[in-house]
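S.K.: Dropping a prediction and its sequence here:
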Amino acid sequence: MNNLHRIFLAINLPERVRQALFDYQDQWLDLPANWTRKENLHVTLLFIGNASDQETADICNAVSAVAKRHEPLTLDFKRIVYGPPKKVPPRMVWAKGSASAELAGLRQDLEHTLYDLGAGQMEKNGVPQFSPHITLARINQFEIRKMDPEEVPGIDENISISFTAESIEVMESELKKGGPVYTVLESATLGTE
């Protein structure tokens, strides 16, 4: 029996960063949103989609090989805002990070390698710049459309959160009634060993 796995690549956050970001939700309790569970906060690098057992093993091996070609990198998060930009009504609350050449290079290497592998349902989008974000909440579209625009809280908070990413993870997402459950299938250390 060949199982399908819903796969994405992520940078998981240190516990101190997860806690700092999780604590912000108390500021917007009147926002009709489903806040991300603390243990699920992460930076998505690539969404791959459904992959078979063999494809998943190939993805894990390919990600490990790519990770060795890239050094650990620093991620900086400067603002909490609605995302994606210019969507009305807003769909999510994001911690928005700064783009960097190192992060863009890592993502591009992963994208090209996995696309060439024929992994999952990936499409090559070739975005040259990649601005990382962390989804803090998904907004209930039905509820927010019922609110007067003046009632919708403004979210534009300056923050200063940095950490060094030392690995990238191949994650499996299982959609459950209480929200998604993420499992680390492979943790690939950045840099040569």
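M.R.: Arrived safely. Residues are numbered from 1 along each chain as shown.
S.K.: Centre-most residue in this structure?
M.R.: T44 (2.3 Å; CA atoms, centre = their mean).
S.K.: Please list all residues in contact with it.
M.R.: F8, L9, A10, T135 (CB atoms under 8 Å, 6 or more residues apart in numbering). Placement of C-beta: from N, CA and C, glycine included.
S.K.: May I ask which of these has the most neighbours?
M.R.: L9 (25 neighbours; other CB atoms under 10 Å).
S.K.: mind checking the backbone torsions on it?
M.R.: For L9, the backbone dihedrals (degrees, to the nearest 10) come out as phi -110, psi 140.
S.K.: List the residues that contact W94.
M.R.: W94 touches I80, V81, Y82, G83, H133, I134, T135, L136, counting by CB under 8 Å, 6+ apart.
S.K.: can you tell me the helix or strand for it?
M.R.: Counting by DSSP states H and E, the element that carries W94 is strand 92-97.
S.K.: Just give the strands next to that strand in its sheet, each with its orientation.
M.R.: strand 73-83 (antiparallel), strand 133-139 (antiparallel) (DSSP bridges).
S.K.: Looking at these, spot the one closest to E186.
M.R.: strand 73-83 (18.6 Å; CB to CB).
S.K.: Pull the residues that contact the closest one.
M.R.: With contact meaning CB under 8 Å, 6+ apart, strand 73-83 is reached by 11, 21, 24, 43, 90-98, 100, 102-103, 106, 132-136, 155-165, 190.
S.K.: Write the PyMOL selection for whichever of the residues you listed are buried.
M.R.: The buried residues among the contacts of strand 73-83 can be selected in PyMOL (16 or more other CB atoms under 10 Å) with this line:
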select buried, resi 11+21+24+43+90+91+92+93+94+95+96+97+100+102+103+106+132+133+134+135+136+155+161+163+165+190
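S.K.: hang on, the earlier thing: can you redo the contacts of W94 as JSON lines with pLDDT and distance to A57?
M.R.: Listed next are those as JSON lines, based on pLDDT from 0 to 100; distance: CB to CB, whole Å:
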{"residue": "I80", "pLDDT": "95", "distance to A57": "37"}
{"residue": "V81", "pLDDT": "94", "distance to A57": "38"}
{"residue": "Y82", "pLDDT": "92", "distance to A57": "38"}
{"residue": "G83", "pLDDT": "88", "distance to A57": "33"}
{"residue": "H133", "pLDDT": "93", "distance to A57": "29"}
{"residue": "I134", "pLDDT": "95", "distance to A57": "28"}
{"residue": "T135", "pLDDT": "94", "distance to A57": "28"}
{"residue": "L136", "pLDDT": "95", "distance to A57": "33"}
